[in-house]
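>>> any chance you could fold what I've pasted below:
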Amino acid sequence: MPGRHITDRQMRLYMKLRQTNSPPVAAAKAGFSTATAYRIEKDPRLPSNKTTARSRRRPDPLADIFDAEIVPMLEAAPGLRPVGIFEEMRRRHPELGDGIRRTLERRVRAWRAIHGEEQEVIFRQIHEPGQTGFSDFTDMGELGVTVAGVPLEHRLYHFRLPWSGFEHAHIVLGGESFVALAEGLQNALWSLGAAPREHRTDSLSAAFRNLDQQAREDLTCRYDALCAHYQMTPTRNNKGIAHENGAIEGPHGHLKRAIADALLMRASADFDGLDAYRCFIDEIISRRNARKAKRIDLERGKLQPLPGRRSADYEEITVRVTTSGGFTLRKVFYSVPSRLIGHRLRVRLYDDRLALFIGGTPLMTLTRGRAHPGGKHDQVVNYHHVIHSLRRKPMALLNLVYRDQLFPRQAYRRTFDSLLEHLPDKKACRLMVELLALAHDRGCEAELAESLAFDLEAKRLPDMAALRARFAPDPSRLPQVVVQLASLATYQDLIGTGEQGGMA
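Prediction:
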């Protein structure tokens, strides 16, 4: 056909047909003209063997500088990016235009393919069902999650079985630690209902950071004991080699993108409480596991049964309650009821809470605090623990070390700032302590905070008399209720009647 080039396939078909047909007939059956057939008779080479490389349509802008300047740069600094080379060439040669950037990138890529350094090869592995479970932590700061309007600094512990794709995620409020690993791993195993034969993590360097040699050896022994409890063999990656944990490093990104999409569809990254956020993560994980349910059920048959109970997923520490009405643990001061001053308490330290025991008797659970990143101490204080002493010493509130943490809500803190601004220090402290005592005695912390916020908006100071009347009744003025107890003879008569009725 005129205007169209013949292909190698047409040429081969023509040569086959030519064995039994004349050139015009063979050409017609192959789909080209008789003139082309006679040209082929003179030169039987395939069309692909006749084509020549296309020459440049314009002068090479890198001809004078690539070998002379760019290649020495690539040899001296193999990791140099093409965009960095481009900026440097533009600085040295202002006559070069912006259009050479893509040409430079292609030329550098081609040079590295021939003369560049050898790259690390990723060896994909065959994962046997029930063999290995992977654990790792991933930072969630980029998602911008907030709880009650406060940014939540947290990580996600992520467990995965590579063969079936089973996943479990656990919110970690602190850094990577043995406690977070032990709690998250056990939650994952008990959610799965079985355990793999091997558990693989990274080098755990973050969990051991800032620990002395003895503490590191202790945590290593505890981790080995945890794996032994579930009959798993503990293995670790080489330090600093991220892709050795590739069976979970890649899924980290998939999970975080799924969470980011769910937050966008939710139209808000703010949650009323931490429990609501935990439920949100659990729902996402459940949906992802539901899609792999058949494969997970198949792998579950290859896993080991769980032991009869969980292992310890906490650190146990003994502390002494000081005359300050609390104790300090990991650079955080915790308040407790003053009746415990002088006692030694056993503290079970979890990732997000502290469980307090005196002897073998459980006392209470406290929210775990964290020291500031710069090393500054922090406080976790409950005003109910100290209000009875503040009543006797209201001026202690003025320069109290943990004053800001003492106030249960923002409205109380703002109210105290307003009182200090408009009243003498002594009167302001006394009035603030009376407000806290009112919230403690009447159990009206939230309602009182709303009233204080309303007063702040109206730019007026709180009226104690009106507040006491509003949150009445006063416990000291409660009416006496007299309960008349029935005579025991009445119950005896009822029992006797019942027995006679049964005999009849």
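
>>> let me see the domain layout of this protein.
8-50, 66-115, 132-300, 315-380, 383-477 (automatic domain parsing).

>>> buried ones in the helix or strand where Ala437 lies, by neighbour count?
When elements are assigned from DSSP states H and E, Ala437 belongs to helix 425-442. By neighbour count on 16 or more other C-beta atoms under 10 Å, the buried set for helix 425-442 is 428-440, 442. Using the backbone N, CA and C atoms, a C-beta is placed for each residue, glycine as well.

>>> quick one: the following helix or strand past it to helix 425-442, angle?
Downstream of helix 425-442, the next assigned helix or strand under DSSP H and E is helix 445-457. Counting by axes from the mean of the first three to the mean of the last three C-alpha atoms, to 10 degrees, helix 445-457 lies at 140 degrees to helix 425-442.

>>> what packs against helix 445-457?
Judged by 3 or more C-beta pairs under 8 Å, 6 or more residues apart in numbering; DSSP states H and E, helix 445-457 is in contact with helix 410-422, helix 425-442, helix 464-470.

>>> I'd like those as a markdown table, with distance to Phe178 appended.
Shown next, in a markdown table, are these (distance: least, C-beta to C-beta, whole Å):
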| stretch | distance to Phe178 |
| --- | --- |
| helix 410-422 | 35 |
| helix 425-442 | 38 |
| helix 464-470 | 48 |
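
>>> turn the ones you listed into CSV, including mean pLDDT and distance to His158.
Below are the helices and strands packed on helix 445-457 laid out as CSV (pLDDT from 0 to 100; distance: least, C-beta to C-beta, whole Å):
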stretch, mean pLDDT, distance to His158
helix 410-422, 92, 34
helix 425-442, 91, 41
helix 464-470, 87, 49
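
>>> can you tell which of those is closest to Pro44?
Nearest to Pro44 among the helices and strands packed on helix 445-457 is helix 410-422 (91.2 Å), distances taken as C-beta to C-beta.

>>> re the thing from before, out of the domains of the chain, which is closest to Ile122?
Of all the domains of the chain, domain 132-300 comes closest under C-beta to C-beta, at 6.0 Å.

>>> surely Leu255 is within a helix?
Yes: using DSSP: H, G, I helix; E, B strand; the rest coil, the assignment for Leu255 is a helix.

>>> so it makes contact with Gly165?
No: using C-beta atoms under 8 Å, Leu255 makes no contact with Gly165, being 11.2 Å away.

>>> between those two, what contacts are shared?
Jointly contacting Leu255 and Gly165 under the rule C-beta atoms under 8 Å, 6 or more residues apart in numbering are Arg288.

>>> more neighbours: which of these two?
Neighbour comparison, Leu255 and Gly165: the larger count goes to Leu255, with 21 against 15 (by other C-beta atoms under 10 Å).

>>> check contacts around that one.
138, 156, 158, 167, 169, 284, 288.

>>> gap between the fourth one and Ala472?
It refers to Glu167. The gap separating Glu167 from Ala472 is 54 Å, by C-beta to C-beta, to the nearest Å.

>>> the more surrounded of those two?
Glu167 (23 against 10).

>>> contacts only, for that one.
158-160, 251, 255, 285, 288-289.

>>> Cys227 contacts Cys221, correct?
No: here Cys227 does not reach Cys221: they are 11.1 Å apart, not a contact under C-beta under 8 Å.

>>> out of the two, which sits in the more crowded spot?
The neighbour count for Cys227 versus Cys221, taken as other C-beta under 10 Å, is higher for Cys227 (18 against 10).

>>> just the contacts of Leu255 now: which is nearest Arg460?
Of the contacts of Leu255, the one sitting nearest to Arg460 (C-beta to C-beta) turns out to be Leu156, at 46.4 Å.

>>> burial check on that closest one, number of neighbours?
Neighbours around Leu156, by other C-beta under 10 Å: 20.

>>> go on, Ala113?
Neighbour tally, Ala113, other C-beta under 10 Å: 8.

>>> for the host helix or strand of it, buried residues please.
Per DSSP H and E: Ala113 is located in helix 100-115. Along helix 100-115, these residues count as buried under the neighbour rule (16+ other C-beta under 10 Å): 100-101, 104, 107-108, 111.

>>> the very next helix or strand once past that helix - contacts with which helices or strands?
Downstream of helix 100-115, the first helix or strand assigned by DSSP H and E is strand 132-139. On a contact count with 3+ C-beta pairs under 8 Å, 6+ apart, strand 132-139 meets strand 155-160, helix 178-192, strand 198-201, helix 246-266.

>>> help me confirm that Tyr334 is found in a strand?
Yes: looking at Tyr334 with three-state DSSP, it is inside a strand.

>>> quick one: contacts for it?
Counted by C-beta under 8 Å, 6+ apart, Tyr334 has contacts 326-328, 354, 366, 369, 379-381.

>>> try Val321
Val321 neighbours (C-beta under 8 Å, 6+ apart): 327, 336, 340-345.

>>> just His254 next, same as before
Applying C-beta under 8 Å, 6+ apart, no residues qualify as near His254.

>>> over to Leu420?
Leu420 makes contacts with Ala428, as judged by C-beta under 8 Å, 6+ apart.

>>> same thing with the one 3 residues further on?
For Leu423, the contacting residues are 431, 461, by C-beta under 8 Å, 6+ apart.

>>> distance of it from Ala258?
54 Å.

>>> what does Gly149 give?
Taking C-beta to C-beta, one finds Gly149 at 25 Å from Ala258.

>>> one more: Phe357?
40 Å.

>>> with Met89 instead?
According to C-beta to C-beta, Met89 and Ala258 sit 43 Å apart.

>>> tell me which of those two has more neighbours.
Met89 (21 against 14).

>>> can you say which helix or strand has that one in it?
Met89 is part of helix 82-92, with elements assigned from DSSP H and E.

>>> packing partners for that helix?
helix 71-76, helix 100-115.

>>> rerun that using 7 Å as the cut-off
If you count contacts as 3 or more C-beta pairs under 7 Å, 6 or more residues apart in numbering; DSSP states H and E, helix 82-92 packs onto helix 100-115.

>>> may I have the helix it packs on as PDB, with CA atoms only?
C-alpha atoms of helix 100-115 as PDB (Å, rounded to 0.1, in the frame of the first residue of the first chain):
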ATOM      1  CA  ILE A 100      18.000  20.500  29.300                       C
ATOM      2  CA  ARG A 101      16.900  19.100  32.700                       C
ATOM      3  CA  ARG A 102      15.100  16.000  31.300                       C
ATOM      4  CA  THR A 103      17.900  15.400  28.900                       C
ATOM      5  CA  LEU A 104      20.400  15.600  31.800                       C
ATOM      6  CA  GLU A 105      18.300  13.200  33.900                       C
ATOM      7  CA  ARG A 106      18.100  10.700  31.100                       C
ATOM      8  CA  ARG A 107      21.900  11.000  30.400                       C
ATOM      9  CA  VAL A 108      22.800  10.600  34.100                       C
ATOM     10  CA  ARG A 109      20.500   7.600  34.500                       C
ATOM     11  CA  ALA A 110      22.000   5.900  31.400                       C
ATOM     12  CA  TRP A 111      25.600   6.600  32.700                       C
ATOM     13  CA  ARG A 112      24.800   5.100  36.100                       C
ATOM     14  CA  ALA A 113      23.300   2.000  34.400                       C
ATOM     15  CA  ILE A 114      26.700   1.400  32.700                       C
ATOM     16  CA  HIS A 115      29.200   2.900  35.100                       C
END
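
>>> what is the neighbour count of His5?
10.

>>> so it: helix, strand or coil?
His5 is classified as coil under three-state DSSP.

>>> list phi and psi for it.
Backbone geometry at His5, expressed as degrees, to the nearest 10, gives phi -80, psi 140.

>>> please list all residues in contact with it.
Pro47 (C-beta atoms under 7 Å, 6 or more residues apart in numbering).

>>> gap between Arg391 and Tyr383?
In this view, Arg391 and Tyr383 are 11 Å apart by C-beta to C-beta.

>>> compare these two and say which is more crowded by neighbours.
Tyr383 (19 against 14).
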